[in-house]
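> need a structure here:
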Amino acid sequence: MSGALRIGAWRFVATFGVVSLLADIVYEGARSVTGPILALLGATAIVVGIVTGIGEAAALLLRLISGPLADRTRRFWAWAIAGYAITEIAVPTLGFASDPRIRGHARA
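Numbering: from 1, shown residues only. Next up, the predicted model:
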């Protein structure tokens with residue numbers, strides 16, 4: 001393996017690692033505020049548990065669907081990039097919640 005190819009491979013691994021780290025920070029940050037936001041809206045502990053459970057189940061089901069689709073289509077990178085893009089776009093848009101209780105709380 002040539003030196004340039006080896007450096008290029010390490011650069012790719014490091015870059016993808018940073019992207020993965022940032023996506024995890026965004027995702028885990030959103031997960032950590034789900035309960036308090038729902039509580040701020042008046043949800044009980046049972047409702048918070050049900051909503052977060054449904055969210056986790058949906059994520060796991062999407063993995064069960066997207067994995068075989070990626071295998072079948074052989075477009076692994078397209079699926080991986082799409083997954084990261086959806087996370088990086090969808091989670092920050094939660095900041096645009098229109099309930100005044102959330103907007104007022106965010107300013108406090």
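> pLDDT wise, what is residue 56 at?
We have a pLDDT of 85 for residue 56.
> now do residue 74
For residue 74, the predicted pLDDT is 94.
> what's the answer for residue 50, then?
91.
> roughly how far apart are it and residue 17?
Between residue 50 and residue 17 the distance is 35 Å, computed by Cβ to Cβ, to the nearest Å. Any C-beta I mention is one placed from the backbone N, CA and C, and that applies to glycine too.
> Have a look at these two and say which one is more surrounded.
Legend: neighbour count by other Cβ atoms under 10 Å for residue 50 and residue 17, higher for residue 50 (13 against 10).
> Next one: that one from residue 57, what distance?
Taking Cβ to Cβ, one finds residue 50 at 10 Å from residue 57.
> now do residue 84
Going from residue 84 to residue 57 by Cβ to Cβ gives 21 Å.
> I'd like the average pLDDT over stretch 88-108.
66.
> What's the local residue count around residue 18?
Residue 18: 10 surrounding residues under other Cβ under 10 Å.
> Contact partners for it?
Not one residue lies near residue 18 by Cβ atoms under 8 Å, 6 or more residues apart in numbering.
> what about it, which helix or strand?
Using DSSP states H and E, residue 18 maps to helix 3-40.
> what mean pLDDT would you report for that helix?
82.
> List the buried residues of it.
Using 16 or more other Cβ atoms under 10 Å as the test for burial, helix 3-40 gives 23, 26-27, 30, 37-38.
> out of residue 84 and residue 57, which sits in the more crowded spot?
Between residue 84 and residue 57, counting by other Cβ under 10 Å, residue 84 is the more crowded of the two (17 against 10).
> The more buried one in helix, strand or coil?
helix (DSSP: H, G, I helix; E, B strand; the rest coil).
> Quick check: it vs residue 19, distance?
6 Å.
> What of residue 7?
Distance, residue 7 to residue 19, using Cβ to Cβ: 19 Å.
> is it true that residue 76 touches residue 70?
Yes. With contact defined as Cβ atoms under 8 Å, residue 76 reaches residue 70; the gap is 5.4 Å.
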